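Novice: one predicted model, sequence on top.
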Amino acid sequence: MSGPALAYGYDPARIVALRTRTLDAIEELRSIRCDDPLADDAVRVVRLMCRNLEESWMPLIDAIHDSRAMITWRRAAGITSGRGVAALARLVEQFGATSGWTTTTGLDELSDAELGRRLRRSIDRFRRAAAQGGDLAVPWGGMGRILDETARRLAADDGRLARQLWRDVGPDGLEDVVAAVDASGRIADLELLAGVGVDVRTAERTTASLATVLGAIATTGPSPRAIVVGHASRSIHLARLVADHADAFDRITLVEATAELVAVTSGSGAWASEPRVLDLRAETASALHAVATSPTLALQLLADPSTAAALATTTHLDDDAVEAAVAAALSAPVVDADALGDVLEVVAGFVAVSARRDITRGTRRGIALASGAFLPSIAAKLDARLPVDVAIATDGDEPATVVHLGTYDELAGLVGQVVDDDAAQLALGVVVGAFRADQVEVATAAITDRTHLDVAGARAQLSAALADVSRVLTLVDHAAGRRDALLAFRHGLANARATSVVGLLGSMLAWYPAASPLARRIGTLTTRGLVNAIGSTRPPTVPDTGLDADLAVDFLATLVALPLHDRTLRERLGLAGVDDATWRRLETLLDDLDRADDDTSERSTVRSRIRAVVDADPDLDAYVETIAATSGESALARP
């Protein structure tokens with residue numbers, strides 16, 4: 001209940017149990033005897049404990065046991081404060097954890113200012129009790145209830161209470177809160193909760209409330225945020241609290257704390273000359289996964305060149321966590337088109353790092369997974385004779401911003417490292433296959449909509465769309481260096497025939513509403529999941545002619561399949577004169593090609609049969625040869 005009729009009560013059965021156990025404890029303490037003079041001090045402590053229970057606690061327990069006032073008592077109307085109410089609140093607070101009262105604690109009647117003072121006192125009491133050892137049930141319970149009430153109020157707070165807490169607690173008090181996090185964390189680490197009289201569920205609830213309070217105070221300004229972020233890199237328990245309760249912290253605090261953890265774990269930035277005392281790899285991985293739930297947060301993290309470089313080069317960071325963070329960051333244009341420029345800057349940083357050092361497996365896989373978000377913007381700029389510069393349009397009359405990714409060979413160096421990892425290579429193959437499907441769809445729509453185009457114009461439209469694909473394939477082929485090095489890539493390419501970049505990224509970004517500072521959260525498809533979905537990173541047989549021959553098969557199949565079931569498109573591409581029997585033969589052969597799957601020998605045989613049908617028809621032959629020459633495919637399909 002709440003308001004003027006607020007009731008207090010307890011479970012009488014638990015009071016009876018408490019009384020019985022206290023009497024048993026007194027009896028046990030009385031039975032302790034020892035004649036050894038060296039045990040005099042210990043015996044004296046036992047006697048004092050026994051007297052304390054007999055003379056202080058038992059009369060109070062008996063009074064509660066015999067009285068019915070606390071079962072049905074209601075405060076008088078109009079009493080909102082005063083010595084009596086405060087005394088009752090203290091009584092409830094003092095005995096609640098021991099008696100197990102099922103009641104409000106009375107804390108909801110306290111002002112925010114008084115609650116803040118209680119909070120600091122309870123944390124200080126717990127911290128000192130933890131340092132001394134012994135039963136922590138009462139101080140932990142008292143601190144937990146005040147933290148729970150504070151967290152409850154903060155959930156509906158507009159920032160006023162958080163600022164009040166920071167004024168009341170101050171830097172020293174915030175240090176005490178961090179010390180309490182450490183103390184409770186050490187007890188949990190050593191699995192001593194039961195030994196100090198605290199159940200696991202209570203400990204977890206107190207930890208969550210601690211995170212809420214810390215997170216709220218950190219949002220109030222740079223000073224408290226700096227304290228939290230600074231201690232996260234020096235306290236394994238605070239680092240774990242931030243990572244495991246990321247929703248309790250605002251975006252800036254979470255990103256800054258994660259960047260600090262990456263710096264500490266990698267030994268970069270200000271930590272380059274500092275000894276690494278704590279092993280924070282697990283906490284850093286958890287923080288990276290937390291940041292990766294939002295492309296915007298992940299991009300904010302990687303926008304710092306030193307953090308991005310640390311992720312790209314530190315081999316002892318968790319690969320899955322790095323993959324998740326990199327993939328989320330580079331996927332940001334999917335949720336915010338204006339993020340493309342920042343994403344390309346991050347890619348440019350990876351290009352520069354890869355020119356000097358090997359990049360980590362997680363980084364390679366993250367780049368491959370998210371490449372569909374930025375690949376369309378760079379495909380047209382891929383020319384071995386020119387630097388790869390991408391112009392990003394700006395609003396209004398401002399000139400476009402140009403992002404320099406590097407030279408063609410430098411970009412190829414990054415791609416070469418990506419395809420050195422089979423899982424990353426597979427993912428890149430799927431993305432490029434999806435990109436090809438998108439380009440074909442765009443060209444088909446343009447040809448259909450632009451009724452003024454003649455045959456040459458329609459073919460030019462298709463050629464231009466496929467030219468971007470050819471440029472990407474040329475880059476990958478150039479980057480790999482060896483003709484047999486792209487087995488996983490061509491496997492992914494073949495298994496992406498019915499996929500689009502939008503569809504692929506849609507499967508990566510599983511949206512759901514989040515009532516937390518981490519708005520627009522995502523679940524990111526991993527390379528491991530992609531490998532499991534496709535079933536293999538390598539085709540069962542090794543082609544002796546490399547990527548180019550396989551591309552020739554895919555290219556020919558794409559050109560033939562495009563007008564197969566669309567008579568309007570046939571006419572627009574100058575294929576209206578091809579008879580139905582020829583189209584039926586081609587449809588049968590395309591089915592044979594699908595059944596051939598990764599059997600290179602069979603695919604090559606089917607391609608030869610398709611080519612024979614195409615060569616026998618002058619219109620089809622001219623169509624395929626024109627597109628091959630003008631799209632750049634003929635340069636890829638070396639004999």
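Specialist: All right, it came through fine. Remember, predicted model here, so these are calculated numbers, not experimental data.

Novice: low-confidence ranges, the stretch 51-200 of the chain, go.
Specialist: 65-106, 133-138, 186-200 (pLDDT under 70).

Novice: tell me which stretches of it form strands.
Specialist: Applying DSSP state E, counting those that start in this stretch to the stretch 51-200 of the chain gives no strands.

Novice: what ranges does it have for its helices?
Specialist: For the stretch 51-200 of the chain, the helices defined by DSSP state H, counting those that start in this stretch occupy 58-66, 69-72, 83-99, 112-132, 137-155, 160-189, 200-218.

Novice: let me have these in CSV, extended by mean neighbour count.
Specialist: The way it works is simple: take the backbone N, C-alpha and C, and place the C-beta from them, glycine included. Putting the helices of the stretch 51-200 of the chain into CSV (neighbours: other C-beta atoms under 10 Å) gives the following:
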stretch, mean neighbour count
helix 58-66, 14
helix 69-72, 13
helix 83-99, 16
helix 112-132, 18
helix 137-155, 21
helix 160-189, 18
helix 200-218, 21
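
Novice: in JSON lines, list these along with distance to residue 409.
Specialist: Below are the helices of the stretch 51-200 of the chain laid out as JSON lines (distance: least, C-beta to C-beta, whole Å):
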{"stretch": "helix 58-66", "distance to residue 409": "83"}
{"stretch": "helix 69-72", "distance to residue 409": "82"}
{"stretch": "helix 83-99", "distance to residue 409": "68"}
{"stretch": "helix 112-132", "distance to residue 409": "59"}
{"stretch": "helix 137-155", "distance to residue 409": "54"}
{"stretch": "helix 160-189", "distance to residue 409": "50"}
{"stretch": "helix 200-218", "distance to residue 409": "45"}
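
Novice: count the residues that sit near the closest residue to residue 336 other than its chain neighbours.
Specialist: In space, residue 336 comes closest to residue 296 once its chain neighbours are excluded; the distance is 6.8 Å by C-beta to C-beta, 6 or more residues apart in numbering. Other residues within reach of residue 296 by the criterion other C-beta atoms under 10 Å amount to 19.

Novice: list the contacts of residue 296.
Specialist: 251, 332, 335, 336, 339, 520 (C-beta atoms under 8 Å, 6 or more residues apart in numbering).

Novice: Three-state assignment for residue 405, please.
Specialist: strand (DSSP: H, G, I helix; E, B strand; the rest coil).

Novice: please look at it and residue 344 and confirm they touch.
Specialist: Yes: with contact defined as C-beta atoms under 8 Å, residue 405 reaches residue 344; the gap is 6.6 Å.

Novice: intersection of neighbour lists for these two?
Specialist: Joint contacts of residue 405 and residue 344 (C-beta under 8 Å, 6+ apart) are 378, 390.

Novice: check contacts around residue 299.
Specialist: Residue 299 neighbours (C-beta under 8 Å, 6+ apart): 328, 329, 330, 332, 339, 342, 343, 346.

Novice: one more time with 7 Å, if that's ok
Specialist: By C-beta atoms under 7 Å, 6 or more residues apart in numbering, the contact list for residue 299 reads 329, 332, 339, 342, 343.

Novice: repeat for residue 319
Specialist: 360, 361, 362.

Novice: which of those fall within helices?
Specialist: Among the contacts of residue 319, DSSP state H puts 361, 362 in helices.
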